[in-house]
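> Next comes the sequence, and after it the predicted model I'd like to discuss.
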Amino acid sequence: MAFTQVTREKSKLRLALAGPSGAGKTLSALLMAYGITGDWGKIALIDTEHGRAKFYANRSDFETGTFLYQEMTAPYSPDKYKQMVLEGAEAVGADGVVIIDSFSHAWDNEGGVLDIKSSIERTQSNKNSFSAWDEAGKIQNNLVNALLSVNCHTIVTMRTKMAYAMEQNERGKTVPVKIGLAPVQRENTEYEFDIVLNIARNHIACAAKDTTFLDSWSGVITPELGKSLKEWLDNGVEPERCTDCSQLIKSAQGRSIQQIAEGTLENYGRKLCWNCMVKEINKRKKEAENNAAKTVSGGTDKQAS
């Protein structure tokens, strides 16, 4: 086989949203999906959370519409996940989005991979804890590969829990130490995805892993973010960045990214994010006040002379 020159190709989004309960993972996934599709009918959500996703349908306060929906109940087996994802992908088509809310159930809930591992160890006399993992690990890998290979965009949500590591304290005693929040899934599973966004309880998301343009991005997830990702994945369109701080321009105060970029370019000669625009306004206001003060001072001095 010979090496060939590589070119960027149109691709599908493979996104993981991780966060604690109440962070807004489901709504964030729906808004992101709508930004990608522009059509609520091309979004299929698989709900393992006892029907909670239904609360977000047709909400005027969140500006959501009617999406395709299917509830998954126990057992949360890998085969059931794969089947429902395939059904969702077929329903929404190649330009649609399948949301798996949540992927954590496939790991540590009834019928999940941890259950499968325990069953292998319990029922097969030639298997111990270590060798049972070999078989269960293959099932896990097959599940992840199946989810990432469907012909549509894929978004999964994962719950997070506090992770600990054993470290020695100043007295030489080994104690557990908090090292941050970790997704409830097999270790490093989140890095199978192209983008991993961690969402905090205040609904602010930040990129933990990114292969697009979100490496330094943080903020509340909106449909505009999904739209920007779709344009980048389809056509390589780079998102608008602030000339002053180089950060991505985000929607603010009811104005879209495009409105802010075009408005600041027209008014200030360069594209600015909302914060840098406010700084520029304050800077010009202060300069105008100083000039006015100098004019008054100069006029007073002339009159006195």
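Received it, and whenever you're ready, just let me know what you need.
> quick one, phi/psi of the residue nearest in space to the middle of the chain?
The chain has residue 197 as the residue nearest its centroid, 3.9 Å off, counting by C-alpha atoms, centre = their mean. Dihedral angles of residue 197 (phi, psi; degrees, to the nearest 10) stand at phi -110, psi 120.
> Kindly state the beta-bridge partners for it.
Going by DSSP bridges, residue 197 is paired in beta bridges with residue 17, residue 207.
> Tally up the residues packed near residue 153, please.
For residue 153, the neighbour count with other C-beta atoms under 10 Å is 28. No exception for glycine: its C-beta is placed from N, CA and C like everyone else's.
> give me the beta-bridge partners of it?
Going by DSSP bridges, residue 153 forms beta bridges with residue 97.
> and the residue nearest to residue 13 when sequence neighbours are not counted, what pLDDT?
Nearest residue to residue 13, sequence neighbours excluded (C-beta to C-beta, 6 or more residues apart in numbering): residue 153, at 4.2 Å. pLDDT, residue 153: 95.
> residues contacting residue 153?
With contacts defined as C-beta atoms under 8 Å, 6 or more residues apart in numbering, the neighbours of residue 153 are 12-15, 33, 36, 96-98.
> do that again at 10 Å, thanks
Applying C-beta atoms under 10 Å, 6 or more residues apart in numbering, we find residue 153 in contact with 11-15, 32-33, 36-37, 42-43, 89, 92, 94-99, 226, 229-230, 233.
> would you list every one of the strands in this structure?
In the chain, the strands defined using DSSP state E lie at 14-19, 43-47, 68-71, 97-101, 153-168, 174-183, 195-199, 205-210, 218-219.
> so which of these gets nearest residue 109?
Among these, the nearest to residue 109 by C-beta to C-beta is strand 153-168 (10.4 Å).
> dump the residue contacts of residue 125.
Per C-beta under 10 Å, 6+ apart, neighbours of residue 125: none.
> Can you flag the buried ones in the contacts of residue 153?
Buried members of the contacts of residue 153, scored by 16 or more other C-beta atoms under 10 Å, are 12-15, 32-33, 36-37, 42-43, 89, 92, 95-99, 226, 229-230, 233.
> longest helix in this protein, by residue count?
Ranked by residue count, the top helix of the chain under DSSP state H comes out as helix 274-304.
> Could you list the buried residues of that helix?
274, 276-277, 280.
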